[in-house]
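A.B. asks: Have a look at this fold, sequence not included:
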DNA sequence: CCATTTGCAGACACAGTGTCCATGAACGTT
DNA sequence: AACGTTCATGGACACTGTGTCTGCAAATGG
């Protein structure tokens, strides 16, 4: 038997209500009653699906990460050397489509636990893929792999945060990707217009 | 008349109690009663100093930012071109001394509001100083200033997050600063051991 | 069409909030 | 050292939100 329509409807309604309300008021300010009411669901029903609002939020985050992972895998294997080409573009597109969910995660809502999960997952995957390529191509990284992965992911997440923020002018994803690629290749001193370090 | 000893004592006790408890249990899980008890302060007294735990947290963050600002100013003006030299080293040292406070901010505790404030303040100051130098030295940035500032700050914050985390091996601040400087100058492809982009 | 599952509304004890007040102690000043 | 002022205390208060449980109605899948 397939999943009951009602449960699917309820869960989806609660997901959407949470996202909308977190954007409006922030996670902490929300009550289970608020979420249930926005979703047109009885409070008792909420508790029959989730243990609390943290649980609901965790589910939303896990779903987002799973979708991202599914989209990134083919893009990564199709990219020869780094992550700043096709994979980044795929990330940006996903973020544009799921802008609201990205915003609440990147903002650090919920004591930053979803954000922490997001960062750790990305950083770990990056470091892994990174080591794999270094070995496959017979090159030796000139900088600690974990540090480099953190820098890599941190940079992209910082841009994501800036790019998905409320007040920023919508720059095309391709434009952002191009800039970051140049940054990765030429370094930040080049980008700032200078030629020499201090 | 100087400030009353008692108020200074209680405020400091509440500050410390908050930091310790957030590290132990996370901001959301805390009650005002918990914080007051840990600080050996009556609950009523808490409310005579702060409007709630968010207010207390905001004060802690503001203090941290103010201290950082005071330390960064001379380091920035003494550095010729970029931020990745002396200023970064100063940031790392401050983070090492105030490790606990940095950790709870960088983690995104409190729905990420303190983190947001931290990021925005740093990014704004960076972008400002960045434009100022470009004009003074007659160079033209090759990449959007705001984007570049976000990348710059995002990278350093990502490293800070990694460096101040619980489980990581303590790498010397000077070592971290050296790596980041090379990264900024030569770009990430160089760092990864490759020579060409994808 | 029926048995099962799900959603609903209302009730419950409980925990934490934010505010108030009377009392006594600690404080800075003279 | 004595002063008036300021601050901390502990208990009380109404109130909001939590988490769980009930009986009953409606939707669902077979």
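C.D. replies: Ah, there it is. Every value quoted in this text rests on a predicted model; they were computed, and no experiment measured them.

A.B. asks: from here on, contacts and neighbour counts on C-alpha atoms
C.D. replies: Fine.

A.B. asks: Which segments of chain A make up each domain?
C.D. replies: Using automatic domain parsing, the domain parsing of chain A gives A:1-50, A:53-188.

A.B. asks: Out of those domains, which gets nearest to DNA strand D?
C.D. replies: Ranking the domains of chain A by proximity to DNA strand D (Cα to the nearest atom of the strand) places domain A:1-50 first, at 3.0 Å.

A.B. asks: so how far is the closest one off the chain centroid?
C.D. replies: 22 Å (Cα atoms, centre = their mean, to the nearest Å).

A.B. asks: check whether it contacts chain B.
C.D. replies: Yes: part of domain A:1-50 sits near chain B under the criterion Cα under 8 Å from any Cα of the partner chain, namely A:26, A:27, A:28.

A.B. asks: Let's test this: name the helix or strand in chain A with the lowest mean pLDDT.
C.D. replies: Taking mean pLDDT, DSSP states H and E as the measure, chain A has helix A:188-192 as its least confident helix or strand, at a mean of 81.

A.B. asks: circling back: which of the domains of chain A comes out lowest on mean pLDDT?
C.D. replies: Of all the domains of chain A, mean pLDDT reaches its minimum on domain A:53-188 (a mean of 90).

A.B. asks: Neighbours of residue A:96, how many?
C.D. replies: Counted by other Cα atoms under 10 Å in any protein chain shown, the residues lying close to residue A:96 total 17.

A.B. asks: With residue A:107 instead?
C.D. replies: Other residues within reach of residue A:107, judged by other Cα under 10 Å, total 22.

A.B. asks: Leaving aside the residues adjacent along the chain, what's closest to it?
C.D. replies: With Cα to Cα, 6 or more residues apart in numbering or on different chains as the criterion, residue A:107 has its nearest non-adjacent residue at 5.7 Å, and that residue is residue B:112.

A.B. asks: contacting residues for the one you found?
C.D. replies: The neighbours of residue B:112, taking Cα atoms under 8 Å, 6 or more residues apart in numbering or on different chains as the test, are A:107, A:108, A:109, A:110, A:111, A:112, B:105.

A.B. asks: Take those and lay them out in JSON lines including distance to residue A:125 and secondary structure.
C.D. replies: Written out in JSON lines, the entries for those read as follows (distance: Cα to Cα, whole Å; DSSP: H, G, I helix; E, B strand; the rest coil):
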{"residue": "A:107", "distance to residue A:125": "22", "secondary structure": "coil"}
{"residue": "A:108", "distance to residue A:125": "21", "secondary structure": "coil"}
{"residue": "A:109", "distance to residue A:125": "23", "secondary structure": "coil"}
{"residue": "A:110", "distance to residue A:125": "23", "secondary structure": "coil"}
{"residue": "A:111", "distance to residue A:125": "23", "secondary structure": "coil"}
{"residue": "A:112", "distance to residue A:125": "20", "secondary structure": "coil"}
{"residue": "B:105", "distance to residue A:125": "25", "secondary structure": "helix"}
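
A.B. asks: Which members of those residues are classed as buried?
C.D. replies: When burial is judged by neighbour count using 16 or more other Cα atoms under 10 Å in any protein chain shown, the buried members of the contacts of residue B:112 are A:107, A:108, A:109, A:110, A:111, A:112, B:105.

A.B. asks: how about the helices in chain A?
C.D. replies: Across chain A, reading from the start of the chain, the helices by DSSP state H fall at A:5-25, A:32-38, A:43-49, A:53-77, A:86-97, A:99-106, A:113-136, A:145-163, A:173-186, A:188-192.

A.B. asks: The second one near DNA strand C at all?
C.D. replies: Right, helix A:32-38. No: looking at helix A:32-38 against DNA strand C by Cα under 7 Å from any atom of the strand, there are no contacts, and the closest approach is 8.2 Å.

A.B. asks: Flag every buried residue along that helix.
C.D. replies: When neighbours are counted by 16+ other Cα under 10 Å, the buried residues of helix A:32-38 are found to be A:35, A:36, A:38.

A.B. asks: Out of the residues you listed, which comes closest to chain B?
C.D. replies: Chain B has its nearest neighbour among the buried residues of helix A:32-38 in residue A:35, at 17.1 Å by Cα to the nearest Cα.

A.B. asks: my guess is that closest one contacts residue A:21, does it?
C.D. replies: Yes: the pair residue A:35 and residue A:21 qualifies as a contact (Cα atoms under 8 Å) at a distance of 7.3 Å.

A.B. asks: Now for the nearest residue to residue A:126 once chain neighbours are set aside: which residues touch it?
C.D. replies: Distances taken as Cα to Cα, 6+ apart place residue A:149 nearest to residue A:126, at 5.9 Å, with adjacent residues excluded. For residue A:149, the contacting residues are A:123, A:124, A:126, A:127, A:130, by Cα under 8 Å, 6+ apart.

A.B. asks: Can you give me the neighbour number for the third one?
C.D. replies: Yep, that's residue A:126 we're talking about. 21.

A.B. asks: For residue B:171, see how far away the residue nearest to residue A:102 when sequence neighbours are not counted is.
C.D. replies: Across the structure, with Cα to Cα, 6+ apart as the measure, the residue nearest residue A:102 apart from its sequence neighbours is residue A:95 (6.1 Å). Using Cα to Cα, to the nearest Å, one obtains 34 Å as the distance from residue A:95 to residue B:171.

A.B. asks: How about residue A:174?
C.D. replies: When residue A:174 is compared with residue B:171 (using Cα to Cα), they lie 37 Å apart.

A.B. asks: what do you get for residue A:90?
C.D. replies: Distance of residue A:90 to residue B:171, computed by Cα to Cα: 34 Å.

A.B. asks: and those two? which has more neighbours close in?
C.D. replies: It is residue A:90, of residue A:90 and residue B:171, that has more neighbours when counted by other Cα under 10 Å, with 19 against 9.

A.B. asks: which residues does the residue nearest to that one when sequence neighbours are not counted contact?
C.D. replies: Excluding its sequence neighbours, the residue lying closest to residue A:90 (Cα to Cα, 6+ apart) is residue A:72, at 6.7 Å. Neighbouring residues of residue A:72 by Cα under 8 Å, 6+ apart: A:87, A:90, A:91.

A.B. asks: now those as a markdown table including distance to DNA strand C?
C.D. replies: What follows is the contacts of residue A:72, written out as a markdown table (distance: Cα to the nearest atom of the strand, whole Å):
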| residue | distance to DNA strand C |
| --- | --- |
| A:87 | 37 |
| A:90 | 34 |
| A:91 | 33 |
